[in-house]
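Peer 1: Got a predicted structure here, sequence first:
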Amino acid sequence: MLGSFLEAALNINSRLMKPCLTHSLNLFSLSFCLLFFFSLFLPSAILAQSLMPETVTFNSADDKVKLIGFMYLPDAKLWPDARPAVVMLHGRSGVYSSSAKQYDATTLAARTVLWGKFWADRGYIGLYIDTFGPRGYFKGFEAGTNNGSRPREINEITVRPFDAYMGLKYLRSRADVQKNNVFLQGWSNGGSAALSTMARGSVGFEKPTPETGFRAAIAVYPACAPVSKHYGSRYQSYAPLLLLIGTEDEEVSVAKCEKLVGDSPSSTLSNADGSDLIFVRYIGAQHSYDTPSSKRQAVAANVAATEDTKLRAEAFFKKHLVVPFEK
């Protein structure tokens, strides 16, 4: 019975494995077969473990909670020296899968994993900060609930920028991070938080500059209305900023983002302080267009927007590295 089960499961027909597929094994043969099977499956287990992000914690700015961070590290053999880094801010649904029964590195959402690996594969240290979970909101929030009913302690304009800067502080404390090459990226609610973080006069940092704060940032399909409400109708960032959004977004308003950056039909604007703001509209793309789900990726415009976002994101951060960082 054991032999037939293994043969069916593994589809092994080699001469080497035939002794292990017999009904009777002596002690020596059994030991050999067990070692052989472990040699088949153990590398996969080790590989899966190595792809897991490292879990770290650090204090919030008010010292009330321990923020949780998931670190995606580049291959040390390919990238042995200090590397640039990216702080990543999740959207309204949080950092975990919607089906999660526990909340840790094994239950991260697909988009979380996608972008964490994306940056690690390009030599960046990726730090995804869970700002909801430590405050008791592991499951995040449903769409359409950003009407003032969400708790103040997770506000994307007045609280999450502090979390972003605590992530920056944590990364700069590490020997493996290039301290002057730390970037920021946020999605949806985290995109709004990224805009607030990068604003001149940000609530999270006194008089930030590209040298003292983040080198540059990317906001992906953010809600711009709360940003303009807090900072005024004409937004200004202290460092280069890339804002990406789909024209068929069901959750946030493209028009309000256009108004935030000045109603210009041009995709490239210039702030008063000389920093660049690049605004990209993806025709036909929806909210969460880069989520690697069958529903989102069944829409051709979402697929195109996802691929373009990856290309733009890599080129944008590379352009703003203080020292060109090559493999």
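Peer 2: Nice, I can see it.
Peer 1: all contacts plus neighbour counts: C-alpha atoms, from now on.
Peer 2: OK.
Peer 1: Using the three-state scheme, assign Ala219.
Peer 2: The three-state label given to Ala219 by DSSP: H, G, I helix; E, B strand; the rest coil is strand.
Peer 1: again, but for Phe279
Peer 2: Secondary structure for Phe279, judged by three-state DSSP, is strand.
Peer 1: Which strand residues bridge it?
Peer 2: Here Phe279 sits in beta bridges with Leu243, going by DSSP bridges.
Peer 1: correct me, but it touches Val254?
Peer 2: No. Between Phe279 and Val254 there is no contact under CA atoms under 8 Å: 10.6 Å.
Peer 1: can you map out the helices along this structure?
Peer 2: With helices called from DSSP state H, the chain shows them at 2-10, 27-50, 110-121, 160-172, 189-198, 225-231, 254-260, 294-297, 300-319.
Peer 1: what residues does the third one touch?
Peer 2: Contacting residues not belonging to helix 110-121 are listed as 71-75, 86, 90, 95-97, 125-128, 290-292 [CA atoms under 8 Å, 6 or more residues apart in numbering].
Peer 1: redo that, cut-off 7 Å
Peer 2: With contacts defined as CA atoms under 7 Å, 6 or more residues apart in numbering, helix 110-121 is touched by Tyr72, Leu73, Pro74, Val95, Ile125, Gly126, Thr291, Pro292.
Peer 1: burial of the residue lying closest to the third one once chain neighbours are set aside, as a residue count?
Peer 2: Here the nearest residue to Pro74 in space, its sequence neighbours aside, is Ala120; by CA to CA, 6 or more residues apart in numbering that works out to 4.4 Å. Number of residues near Ala120 (other CA atoms under 10 Å) recorded here: 21.
Peer 1: how near is Ala120 to Ser294?
Peer 2: 24 Å (CA to CA, to the nearest Å).
Peer 1: Low-confidence ranges, the protein, go.
Peer 2: Along the chain, segments meeting pLDDT under 70 span 1-51, 144-148, 263-275, 324-327.
Peer 1: Show me what the longest strand seen in it is in contact with.
Peer 2: What stands out as the longest strand in the chain, according to DSSP state E, is strand 177-187. With CA under 7 Å, 6+ apart as the test, strand 177-187 has contacts from 82-91, 171-172, 194, 211, 214-222, 321-322.
Peer 1: Buried only: go through those residues for me.
Peer 2: 82-91, 171-172, 194, 214-222, 321 (16 or more other CA atoms under 10 Å).
Peer 1: Hmm, Pro134 is touching Lys66, no?
Peer 2: Yes. Assessed by CA atoms under 7 Å, Pro134 is found in contact with Lys66 at 6.5 Å.
Peer 1: neighbour-wise, which of these two wins?
Peer 2: Lys66 (17 against 14).
Peer 1: nearest residue to that one other than its sequence neighbours?
Peer 2: Nearest to Lys66 is Asn59, by CA to CA, 6+ apart, at 4.6 Å.
Peer 1: measure that neighbour to Thr158 for me?
Peer 2: Taken as CA to CA, the span from Asn59 to Thr158 is 17 Å.
Peer 1: can you check His320 too?
Peer 2: 27 Å.
Peer 1: Kindly report the same for Ala193.
Peer 2: Ala193 sits 8 Å away from Thr158 when distances are taken as CA to CA.
Peer 1: Look at these two and report which has more neighbours.
Peer 2: Between Ala193 and Thr158, Ala193 has the larger neighbour count (other CA under 10 Å), namely 33 against 17.
Peer 1: For the nearest residue to that one once chain neighbours are set aside, grab phi and psi.
Peer 2: In space, and not counting its chain neighbours, Ala193 is closest to Glu156: 4.6 Å by CA to CA, 6+ apart. According to degrees, to the nearest 10, the main-chain angles of Glu156 amount to phi -70, psi -20.
Peer 1: what's around Glu156, how many residues?
Peer 2: Neighbour tally, Glu156, other CA under 10 Å: 28.
Peer 1: show me what contacts Ser93?
Peer 2: With CA under 7 Å, 6+ apart, Ser93 has these contacts: Lys139, Gly140, Phe141, Glu142.
Peer 1: How much space separates the residue nearest to Pro210 when sequence neighbours are not counted from Lys169?
Peer 2: Nearest residue to Pro210, sequence neighbours excluded (CA to CA, 6+ apart): Ala239, at 5.5 Å. Remark: distance between Ala239 and Lys169 (CA to CA) = 18 Å.
Peer 1: neighbour count winner among the two?
Peer 2: The neighbour comparison of Ala239 against Lys169 (other CA under 10 Å) goes to Ala239, with 24 against 15.
Peer 1: so Lys139 makes contact with Gly94?
Peer 2: Yes. Using CA under 7 Å, Lys139 makes contact with Gly94 at a distance of 6.1 Å.
Peer 1: Which one of the two is surrounded by more residues?
Peer 2: Ranked by neighbour count (other CA under 10 Å), Lys139 and Gly94 place Gly94 first, with 24 against 19.
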